[in-house]
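Engineer: Pasting the sequence and the predicted coordinates here, then a few questions.
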Amino acid sequence: MRKSWVLLLAVAMLAGCTGEATPSTSTRVTSTSAKSAPALAIGASPSPGGCSDTPLWIGAAPQWTASAGLPGNTPYILSHEDNLVGVLFGFPLRAGANVTDPTNKILWVSREPRDGKELHLTLRRADGTGQPVTQVEPADSGPGQIYPSIVDAPAAGCWQVRASWNGHTATLALNYT
């Protein structure tokens with residue numbers, strides 16, 4: 001049953017693809033996997049703006065984020081491990097130094113407890129070029145297991161992210177325009 005659902009979703013998404021990229025549609029949502037299914041079950045839908053194998057979701061975030069008091073239709077990404085959500089308050093994310101209007105504000109919500117431990121982020125360009133970007137966010141905010149941040153990338157494109165906190169890890173990708 002699960003394979004049929006994933007296959008049906010993939011076919012439906014591919015039916016909308018034309019193969020042409022225009023400036024307004026140059027980013028795309030990639031196919032979802034069975035690991036992404038929990039986001040679909042709560043009424044969220046994929047939206048343009050994801051990259052690599054990390055879709056961008058619009059709609060209610062996973063139930064385990066409820067203690068963070070998130071707004072309903074804010075764009076977010078979900079880690080492959082289903083243990084970290086990045087709520088994109090500055091969307092689309094913009095590349096370059098000193099982005100201020102809007103900022104690249106991301107609110108990270110972890111499923112596992114942080115127990116006062118920092119969130120460590122490492123971003124690497126998906127194409128393997130350039131230097132990695134590292135950032136550390138303190139565990140000093142609430143409610144819930146949240147880490148507010150502003151995450152800038154020096155160049156446009158898809159950036160692979162590895163996040164770690166309190167012995168837990170998560171992987172995802174962020175798209176910068």
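Structural biologist: Arrived safely. Numbers count the residues shown, from 1 in each chain.

Engineer: element containing the residue most central in space within the chain, please.
Structural biologist: Centroid-nearest residue in the chain: residue 77, 2.6 Å away (criterion: CA atoms, centre = their mean). For residue 77, the host element (DSSP states H and E) is strand 76-78.

Engineer: Check which helices and strands that strand is in contact with.
Structural biologist: Packing contacts for strand 76-78, counted by 3 or more CB pairs under 8 Å, 6 or more residues apart in numbering; DSSP states H and E, involve strand 54-58, strand 84-88, strand 168-176. In this view, the C-beta of every residue, glycine as well, is placed from N, C-alpha and C.

Engineer: quick one: the strands in the chain?
Structural biologist: 45-51, 54-58, 76-78, 84-88, 105-110, 119-125, 133-137, 146-150, 157-165, 168-176 (DSSP state E).

Engineer: of those strands, which approaches residue 96 most closely?
Structural biologist: Smallest distance to residue 96 across the strands of the chain (CB to CB): 8.6 Å, for strand 168-176.

Engineer: What are the buried residues along that closest one?
Structural biologist: Within strand 168-176, the residues that qualify as buried are 168, 170, 172-176, counting by 16 or more other CB atoms under 10 Å.

Engineer: got a list of contacts for that strand?
Structural biologist: Strand 168-176 is contacted from outside by 27, 49-54, 56, 77-81, 83-84, 86, 92-95, 104, 106, 110, 112, 123, 126, 151, 153, 155-164, using CB atoms under 8 Å, 6 or more residues apart in numbering.

Engineer: Narrow those to those that are buried.
Structural biologist: With burial judged by 16+ other CB under 10 Å, the buried subset of these is 27, 49-51, 53-54, 56, 77-79, 83-84, 86, 92-95, 104, 106, 110, 123, 151, 153, 157-163.

Engineer: Low-confidence ranges, this protein, go.
Structural biologist: Scanning the chain with the threshold set as pLDDT under 70 gives 1-43, 45, 98-100.

Engineer: let's see it at 50
Structural biologist: Along the chain, the parts satisfying pLDDT under 50 run over 1-41.

Engineer: Relative to the strand holding residue 77, what are the paired strands and their orientations?
Structural biologist: Here strand 76-78 has these sheet partners by DSSP bridges: strand 54-58 (antiparallel), strand 84-88 (antiparallel).

Engineer: Give me the contacts around the last one.
Structural biologist: For strand 84-88, the surrounding residues in contact (CB under 8 Å, 6+ apart) are 56, 61-62, 65, 70, 74-79, 105-111, 163, 170, 172, 174.

Engineer: and with 6 Å instead?
Structural biologist: Applying CB atoms under 6 Å, 6 or more residues apart in numbering, the contact partners of strand 84-88 are 61, 65, 70, 74-78, 106-110, 163, 170.
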